[in-house]
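In: Task: produce atomic coordinates for the following.
(chains A and B)
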Amino acid sequence: MIVILYVEDHAPAQLLMAAIVADLTPYTLISATTGAEAEVLTREYRPDAYILDLDLPDTDGITLARQLNAIHAAPTILVSAYAESIQPDASLIYAYLAKPLDPDDVAQTLRLAVQL
Amino acid sequence: MTWRRLFDSLLPDVENLLPVPVQENAETRIRQYWASHGWQLVLGEVILWAAATFQSLQPTWVYALLAGFIAVMYGLGLWRGRTALWLVGSTVLLLVHGMMVNNLGAVTSLTFIVPYTIAGMLLTGRRRMTVQTACLLAFWGSLIYGVLPIFPQLHPPNHIVISYDILLAVFTFQMLRFLSQLAVEINSEYVTAEIRGQSQHFLARVSHELRTPLNSVLGFAKLMRRADLDERHAEYLRQIIDEGEHLNRLVSDLLDSAHLATGKLILQIEACDVNALCISVADEQRPALVESIALKLNLAANLPTLQADRVRLRQAVANLVSNAVKYTERGEIVITTGQEGDRIRIDIRDTGIGIPETQQALVFVPFVQLNPRQIGVGLGLDIALQLVRLHGGDITLTSQPGQGSTFTITMPMIQPAHQTPLPPRIQGGEKT
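Out: Numbers count the residues shown, from 1 in each chain, chains lettered A, B, ... in the order given. Predicted structure coming up:
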C-alpha cells in the first residue's frame, strides 16, 4: 500500500486532495492539520510521498519538509496559494504545485514522485 | 468662427493636456462656464488688447483699475468664490510686475492666465494646477515682454504686439504640452512606486485569500467532469470551470504585478523557440476571435533560439495579443518575428482603434484602462513590459488613432547567468 501524507489546515482543501487521490490514483491519503501532527503520522506510517502546504498554523511547508525528511526521507511536493512567491530548494522539494490545483496535474506529479 | 469655438480651439484636447486626473464631467462644466461667462472673458481681452495697443491708458493703470474693480466686487459680496479671490491675487501680482517693468507683458500674461487658470480649476478642482499654470504663463509673458525693453531697438511697434500674443499662445501651448507629457511620465513612475511601496503586501494577501476558495471550486468542478453527466449539466460545469479559470487569471495578474513591482519574480531561463511560442499563443487566442478579425503569423525562418523564461515570455506575448484582440473590431492582427543584430524582435500589429500619442505613455501604467468599458483590471500591458524588461528587453509602441497599434518586443538572445534553478514548475492555474 502506498501512503501519501498531506499536511493542510484548510478543511475544504483537505477534502479536495482526498477526492483527487481517491478518484485519480490507487494510493492512500492520510491528512494532518499541523506540523506536530504530521511528525506523529510520519513516524507511524512512513509515507511514500509528502504533500505540504506552505502556510501551516505551527510551521511552514519548507521547514516541515526538512523535519519530516529527517525522520523519513520521501519525495516532497509543496503546495501553496502564494504561487511564485516562494523559491524552494530544488534538492529538498520534488515539485511545487500552485493553487488552484489541477486534479490531473496532482495525480501525474504524485505518480512520478512515488516511482522515484 | 464664433468666440465660443475660438475658446474651444484654445483648449484643444484638454484631457490630454493636463497632468492631473480630469473630473468626469469636466467638459460639460467648461462648456457651461463658457456659455455663461465667456462674454466677460472676451470683453476683458478686447479691452486689454485695445488699451495695450493704443496705449491710451498706461498698462499699470489698467491693472490698478481692474484690481480695484474686482476687489470692490469681492468686498461688496457681489462676486465671491475661488475665481474672484484668485483674480484679485493675480491682478495684484501683475500690478507689481507691471510697475517693475512698465511694459505690456503683464497685460498679455493676464489675458492668458485668466482663461487657462479658470479652465484648470474647472477641470481639476485643484488649486495647485492653476498656480503652476499661472506661474508658467507669467514666466513666458515676462520673458518675452520683460526682456524686450532692455533692447529698445528690438521692441516692436505697438500694432505688431498682438502678433506677439499669438506667438506667446503658441509657446505656451508647446510648453504646456511638454510639461504635461513630463507630468504623465512622472505620474506613472509615481503610481508604480506607490504600488511597489504600499499595495504589494496587500495584493499578495488578497490573492492568497481568493485562491484558497478557488482551489476548492475549480478542483471539485474538474473532478466532477469525470462523472457521467448529461449534456446540459456538463455545460453548467464547463461554465463554472471557465469562469473560475478567468477569475484565477485575474488573481494571477494581480499577484504577478505585485511580485514584479517588488522584484520578487525570478526567471527560469532556458532555451526558447520564439516561433513555436508565437504559434502556441496564436492557437490559444484564435477561438476567442470574431470572424471579422484574422490572426496571422509572419515568422522568420532560421530564427536562433533565445535564452529566456519560456512561460514568462509567452505570458508577455499573450498579453499583447489579447490586448490587440480586445481593441480590434475588424481587420487583422499580425505577429511578426525577426532578428536584429543580437536581439530578437516580436511585433504584434493590429488594425484596431489605435492610441493617441498623448495617451501612449499611459498604456503601460498599472490599473489604467484607456477604455473604461473594457473588461479586466488594466494590468496586462504593465505585466508584459515588466516581464520583458526583467529579461533585459523592452517593449515599444507605435500607434495612430484609427489606424491601429504595433507593440514591438525586443529581447536580448543571451541572459546573464545569475538566475537560480528551480524545481519543475507544474502549475494548476496557469497554462504552460
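
In: who in chain A is up against chain B?
Out: A:10, A:12-13, A:15-16, A:19-20, A:23-24, A:55, A:81-85, A:87-88, A:90, A:93-106, A:108-109 (Cβ under 8 Å from any Cβ of the partner chain). Placement of C-beta: from N, CA and C, glycine included.

In: Looking at the stretch 251-400 of chain B, which residue is nearest chain A?
Out: B:Leu255 (5.6 Å; Cβ to the nearest Cβ).

In: Am I right that that residue is in contact with B:Arg205?
Out: No. Using Cβ atoms under 8 Å, B:Leu255 is not in contact with B:Arg205; the gap is 10.1 Å.

In: more neighbours, those two?
Out: A count of neighbours by other Cβ atoms under 10 Å in any protein chain shown puts B:Leu255 above the other of B:Leu255 and B:Arg205, at 26 against 12.

In: How about the more buried one: what's its closest non-neighbour residue?
Out: Of all residues not flanking B:Leu255 in the chain, B:Ser207 sits nearest, at 4.1 Å (Cβ to Cβ, 6 or more residues apart in numbering or on different chains).

In: For burial, what's the neighbour tally of that neighbour?
Out: Other residues close to B:Ser207 by other Cβ under 10 Å number 25.

In: Tell me if I am right that it is in a strand.
Out: No. Applying DSSP: H, G, I helix; E, B strand; the rest coil, one finds B:Ser207 to be helix, outside a strand.

In: thinking again about what came up before, would you quantify the distance from the residue of the stretch 251-400 of chain B closest to chain A to A:Lys99?
Out: 12 Å (Cβ to Cβ, to the nearest Å).

In: what's the answer for B:Glu209, then?
Out: Applying Cβ to Cβ, the value for B:Glu209 to A:Lys99 is 11 Å.

In: The two: which is more packed in?
Out: Remark: of B:Glu209 and A:Lys99, A:Lys99 carries more neighbours, 28 against 12, as counted by other Cβ under 10 Å.

In: For the more buried one, give me the backbone phi and psi.
Out: The phi and psi torsions at A:Lys99 (degrees, to the nearest 10) take the values phi -80, psi 140.

In: Surely it and B:Val217 touch.
Out: No. Using Cβ under 8 Å, A:Lys99 is not in contact with B:Val217, being 11.0 Å away.

In: Can you show me the helices along the stretch 201-350 of chain B?
Out: Along the stretch 201-350 of chain B, the stretches classed as helices by DSSP state H, counting those that start in this stretch are B:231-261, B:274-285, B:310-326.

In: mind putting the ones you listed in a markdown table, distance to B:Ser292 included?
Out: Below are these laid out as a markdown table (distance: least, Cβ to Cβ, whole Å):
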| stretch | distance to B:Ser292 |
| --- | --- |
| helix B:231-261 | 23 |
| helix B:274-285 | 15 |
| helix B:310-326 | 12 |
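
In: Tell me which of those sits most buried.
Out: helix B:310-326 (a mean of 23; mean count of other Cβ atoms under 10 Å in any protein chain shown).

In: Which other helices and strands does that helix contact?
Out: Judged by 3 or more Cβ pairs under 8 Å, 6 or more residues apart in numbering or on different chains; DSSP states H and E, helix B:310-326 is in contact with strand B:270-272, helix B:274-285, strand B:293-298, strand B:331-340, strand B:343-350, helix B:380-390, strand B:404-412.

In: possible to save the ones you listed as JSON lines with distance to A:Thr59 and mean pLDDT?
Out: As requested, the helices and strands packed on helix B:310-326 are exported to JSON lines (distance: least, Cβ to Cβ, whole Å; pLDDT from 0 to 100):
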{"stretch": "strand B:270-272", "distance to A:Thr59": "33", "mean pLDDT": "88"}
{"stretch": "helix B:274-285", "distance to A:Thr59": "39", "mean pLDDT": "92"}
{"stretch": "strand B:293-298", "distance to A:Thr59": "49", "mean pLDDT": "91"}
{"stretch": "strand B:331-340", "distance to A:Thr59": "47", "mean pLDDT": "93"}
{"stretch": "strand B:343-350", "distance to A:Thr59": "44", "mean pLDDT": "94"}
{"stretch": "helix B:380-390", "distance to A:Thr59": "32", "mean pLDDT": "89"}
{"stretch": "strand B:404-412", "distance to A:Thr59": "41", "mean pLDDT": "93"}
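
In: can you put these in JSON lines and add distance to A:Thr34?
Out: Listed next are those as JSON lines, based on distance: least, Cβ to Cβ, whole Å:
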{"stretch": "strand B:270-272", "distance to A:Thr34": "38"}
{"stretch": "helix B:274-285", "distance to A:Thr34": "41"}
{"stretch": "strand B:293-298", "distance to A:Thr34": "51"}
{"stretch": "strand B:331-340", "distance to A:Thr34": "50"}
{"stretch": "strand B:343-350", "distance to A:Thr34": "49"}
{"stretch": "helix B:380-390", "distance to A:Thr34": "36"}
{"stretch": "strand B:404-412", "distance to A:Thr34": "46"}
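
In: can you list these in TSV and add distance to chain A?
Out: Below are the helices and strands packed on helix B:310-326 laid out as TSV (distance: least, Cβ to the nearest Cβ, whole Å):
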stretch	distance to chain A
strand B:270-272	14
helix B:274-285	17
strand B:293-298	27
strand B:331-340	26
strand B:343-350	23
helix B:380-390	12
strand B:404-412	20
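
In: Quick check: end-to-end length of stretch B:257-276?
Out: Start and end residues of stretch B:257-276 are separated by 26 Å (Cα to Cα, to the nearest Å).

In: Now do the contacts for B:Asn298.
Out: B:334-337 (Cβ atoms under 8 Å, 6 or more residues apart in numbering or on different chains).

In: Report the buried members of these.
Out: Those of these that meet the buried threshold are B:334-337, by 16 or more other Cβ atoms under 10 Å in any protein chain shown.

In: any idea which of the residues you listed is closest to B:Tyr236?
Out: The closest of the buried ones among the contacts of B:Asn298 to B:Tyr236 turns out to be B:Ile335 (Cβ to Cβ; 35.3 Å).

In: State whether that closest one and B:Val325 are indeed in contact, as I suppose.
Out: No. In this structure B:Ile335 lies outside contact range of B:Val325 using Cβ under 8 Å: 11.7 Å.

In: shared neighbours of the two, which are they?
Out: B:Leu295.

In: Is the residue nearest the centre of chain A in a helix, a strand, or coil?
Out: Nearest to the mean C-alpha position of chain A, by Cα atoms, centre = their mean, lies A:Ile51 at 0.5 Å. Secondary structure assignment for A:Ile51 (three-state DSSP): strand.

In: hmm, back to that, looking at the residue nearest to B:Leu255 now. What's its pLDDT?
Out: For B:Ser207, the model assigns a pLDDT of 78.

In: likewise A:Leu101?
Out: Confidence score, pLDDT, at A:Leu101: 92.

In: Check A:Glu44 too.
Out: 95.

In: Is it located within a helix, as I assumed?
Out: Yes. Inclusion of A:Glu44 in a helix is indicated when three-state DSSP is applied.

In: Quick check: the gap between it and B:Asp342.
Out: If you go by Cβ to Cβ, the gap between A:Glu44 and B:Asp342 works out to 59 Å.

In: cool, A:Tyr27 as well?
Out: 50 Å.

In: the more surrounded of those two?
Out: Using other Cβ under 10 Å, the more surrounded residue of A:Tyr27 and B:Asp342 is A:Tyr27, with 18 against 9.

In: All set now, cheers.
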